[in-house]
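**Student:** have a look at this prediction, sequence included:
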Amino acid sequence: SQGVRSWASHWGSSNMARSIAANILSAQNGTTAGIMDFDNVIVSPTLKNIPFVEGRLRTVTFEFNKDTLEPNTTYSINFGNAIRDINESNELKDFTYIFTTGDYFDTLTFSGKVILAETGGTDSTLIVMLHRSLDDSAVAKDRPRYYTRVKPGGSFNFRHLPPRTFAIYALEDEGGTRRY
C-alpha cells in the first residue's frame, strides 16, 4: 500500500500533529475540541465510502476503507463549522486538513460567484459541483468529483485541484445526494 503524506494548516495557534498508518489519519490540536456536526464536513475528492470518524478530546481520527483512497491523489477535509471548543462552544470555521497519496500536492484553485438568473441575487443554500465527465447528464447520473458550499454573497472556492478539465454545476442539494 502506498504511503500517505500529510500537511496541516494552523489549528488555532499551533500546528496540528499528524500520524498516519495505513488508512487511518489522526490529527491533534492544542485545545479540547470536538466535531459537533459531521454533516458540515466535506471530503474532496468525493469518496466511494464514507470514512469512520471519531473525535475524542484533542484528537480527530478518520478511518478510510482500504479501497477508498486513490493513488497519487490530493485529498482535503474541510470541516466547515463542525469543529467547536467543547468548553466554550467557539467555532473553528473552514479549517481544512490536506493529505496526499502521492509525492506532491495538487495546487490548482478555481473560484467564482453564483448569481441567480431570475433575481440577480445569491443563495447560500446551493452547492457547486465539479464533474470529470463533460456529458450534461453527469449531474443527474454521477456523484461529483468535487463539491463545495456557496458562501453568503454567492462566492465559492475549490482548492487543491489536479490539472484537468471539469464540468461545473450549481444546484440545491435536497436530501444530500449531490445530484440533480
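**Tutor:** Here it is on my side, so go on.

**Student:** neighbours of the closest residue to residue 113 other than its chain neighbours, how many?
**Tutor:** Leaving aside its chain neighbours, residue 113 sits nearest to residue 154 (4.5 Å; criterion: Cβ to Cβ, 6 or more residues apart in numbering). Every C-beta, even on glycine, is put in place using the N, C-alpha and C of the backbone. Using other Cβ atoms under 10 Å, residue 154 has 17 neighbouring residues.

**Student:** residue 154 reaches residue 114, doesn't it?
**Tutor:** Yes: Residue 154 lies in contact with residue 114 (Cβ atoms under 8 Å); the separation is 4.9 Å.

**Student:** now the common contact residues for these two.
**Tutor:** 122, 123 (Cβ atoms under 8 Å, 6 or more residues apart in numbering).

**Student:** just give me the neighbour total for residue 106.
**Tutor:** For residue 106, the tally of surrounding residues (other Cβ under 10 Å) stands at 20.

**Student:** any idea what it is structurally, helix, strand or coil?
**Tutor:** coil (DSSP: H, G, I helix; E, B strand; the rest coil).

**Student:** for it, what are its contacts?
**Tutor:** Residue 106 touches 73, 74, 100, 160, 161, 162, 163, counting by Cβ under 8 Å, 6+ apart.

**Student:** I'd say the last one and residue 110 touch.
**Tutor:** No: using Cβ under 8 Å, residue 163 is not in contact with residue 110, being 11.4 Å away.

**Student:** three-state assignment of the residue lying closest to residue 173 once chain neighbours are set aside?
**Tutor:** Spatial nearest neighbour of residue 173, excluding adjacent residues (Cβ to Cβ, 6+ apart): residue 127 at 4.7 Å. Assigned with three-state DSSP, residue 127 falls in the strand class.

**Student:** dump the residue contacts of residue 73.
**Tutor:** Counting by Cβ under 8 Å, 6+ apart, residue 73 has contacts 45, 100, 101, 102, 106, 162.
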